[in-house]
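Colleague: 3D model of this:
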Amino acid sequence: MSGFVEKPEPQQVPGLTHLHTGKVRELYRNEAGDLVMVASDRVSAYDWVLPTEIPDKGRVLTRLSLWWFERLADLVPHHVLSTELPAGAPADWAGRTLVCRSLRMVPVECVARGYLTGSGLAEYNDSRTVCGIALPEGLTDGSELPAPIFTPATKAAVGDHDENVTYEEVARQVGAETAALLRRTTLDVYGRARDIARERGIILADTKFEFGLGEDGGLVLGDEVLTPDSSRFWPAASWQPGRPQPSYDKQYVRDWLTSPASGWDRRSEQPPPALPAEVVAATRARYVEAYELLTGTAWV
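Modeller: Numbers count the residues shown, from 1 in each chain. Next up is the predicted model:
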């Protein structure tokens with residue numbers, strides 16, 4: 001059992017048709033046929049959308065995605081058309097709303113890994129592979145890989161868990177030509193972002209992208225990109241393989257949920273508890289710090 005602890009009711013706005021409530025985003029369609037994405041302050045962990053929000057989180061995700069889209073546009077086009085607030089939209093949507101091209105989304109989470117951790121580490125410990133890719137002996141939690149690898153996953157519904165799949169399975173699902181393009185573009189974008197982050201003292205350990213196909217059939221970068229929700233960012237100064245790394249993301253939330261302080265057993269069917277104020281504040285601080293370090297701009 002998982003999903004929303006308390007599923008929100010989407011706000012109704014004249015001229016917009018509500019399409020979907022995701023873990024973080026509300027998705028609408030406007031009268032022109034464009035998609036309107038609204039990033040909430042919701043936070044998810046262990047396949048649950050928690051009952052407690054992280055203030056400003058949606059705005060951080062939106063502003064950081066826009067910053068990255070600008071720096072990747074020569075590698076792959078993105079889906080953003082406008083940041084203008086739709087007429088009649090709630091004032092709280094300001095800074096968290098994107099008007100986007102409608103795409104035929106590719107049903108694959110395109111994951112790039114430059115370092116070993118998370119589900120990749122678990123598979124490596126079992127088989128010395130990640131998504132079927134053989135890796136050398138002697139790697140440990142946080143080790144840098146010999147070269148970045150493309151490790152795709154299925155796109156899961158809210159409450160379900162993304163499952164790693166092999167490249168061959170992606171080729172079977174979407175065709176060999178599209179699979180090759182996804183792998184090449186994912187690794188190109190990861191390499192650009194890794195180098196930019198490294199200049200700012202941050203390790204981009206791994207990240208996931210979502211791509212769609214435009215009207216001309218070309219690949220377009222969609223959803224969010226290179227945020228603390230979709231990426232693992234580690235401070236380079238404290239990187240030390242062989243242990244979990246400090247991070248600029250919701251790992252603080254995960255750690256609290258699995259600590260005795262929460263009183264929650266993630267293996268049970270009980271929903272997770274509300275987050276205490278100090279965990280909310282510390283998590284918000286990590287999101288803001290990631291934004292400020294990457295962009296060189298103070299959060300206001």
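Colleague: count of neighbours near the residue lying closest to Asp56 once chain neighbours are set aside?
Modeller: Among residues not flanking Asp56 along the chain, Arg284 sits closest, at 6.2 Å (Cβ to Cβ, 6 or more residues apart in numbering). In short, each C-beta sits where N, CA and C put it, glycine included. For Arg284, the neighbour count with other Cβ atoms under 10 Å is 20.
Colleague: likewise for Ala237?
Modeller: Neighbour tally, Ala237, other Cβ under 10 Å: 9.
Colleague: please name the nearest non-neighbouring residue to it.
Modeller: Gly201 (6.4 Å).
Colleague: which residues of the stretch 151-300 of the chain score low on pLDDT?
Modeller: Applying pLDDT under 70 to the stretch 151-300 of the chain flags the ranges 156-161.
Colleague: can you pull out the helices in it?
Modeller: 167-174, 176-199, 251-257, 277-295 (DSSP state H, counting those that start in this stretch).
Colleague: and the residue nearest in space to the middle of the chain, what does it touch?
Modeller: The centroid of the chain falls nearest to Ser230 when counting by Cα atoms, centre = their mean (1.7 Å). Going by Cβ atoms under 8 Å, 6 or more residues apart in numbering, Ser230 touches Thr207, Lys208, Phe209, Asp223, Glu224.
Colleague: now it: how far from Leu16?
Modeller: 25 Å (Cβ to Cβ, to the nearest Å).
Colleague: try Ala290
Modeller: Taking Cβ to Cβ, one finds Ala290 at 30 Å from Leu16.
Colleague: between those two, which one's more packed in?
Modeller: A direct count of neighbours by other Cβ under 10 Å for Ala290 and Leu16 places Ala290 higher, at 24 against 21.
Colleague: nearest residue to the more buried one other than its sequence neighbours?
Modeller: Tyr248 (3.7 Å).
Colleague: neighbours of that neighbour, how many?
Modeller: 23.
Colleague: go on, Gly201?
Modeller: Neighbours of Gly201 using other Cβ under 10 Å come to 11.
Colleague: same check on the one 5 residues further on?
Modeller: Asp206 is surrounded by 25 other residues when neighbours are defined as other Cβ under 10 Å.
Colleague: roughly how far does it sit from Thr295?
Modeller: To Thr295, Asp206 is 20 Å away according to Cβ to Cβ.
Colleague: got it, and Pro10?
Modeller: 30 Å.
Colleague: then Glu70?
Modeller: 10 Å.
Colleague: which residues touch Val279?
Modeller: By Cβ under 8 Å, 6+ apart, Val279 lies in contact with Tyr252, Val253, Trp256.
Colleague: what residues are up against the first one?
Modeller: Taking Cβ under 8 Å, 6+ apart as the criterion, Tyr252 is in contact with Val279, Ala282, Thr283, Arg286.
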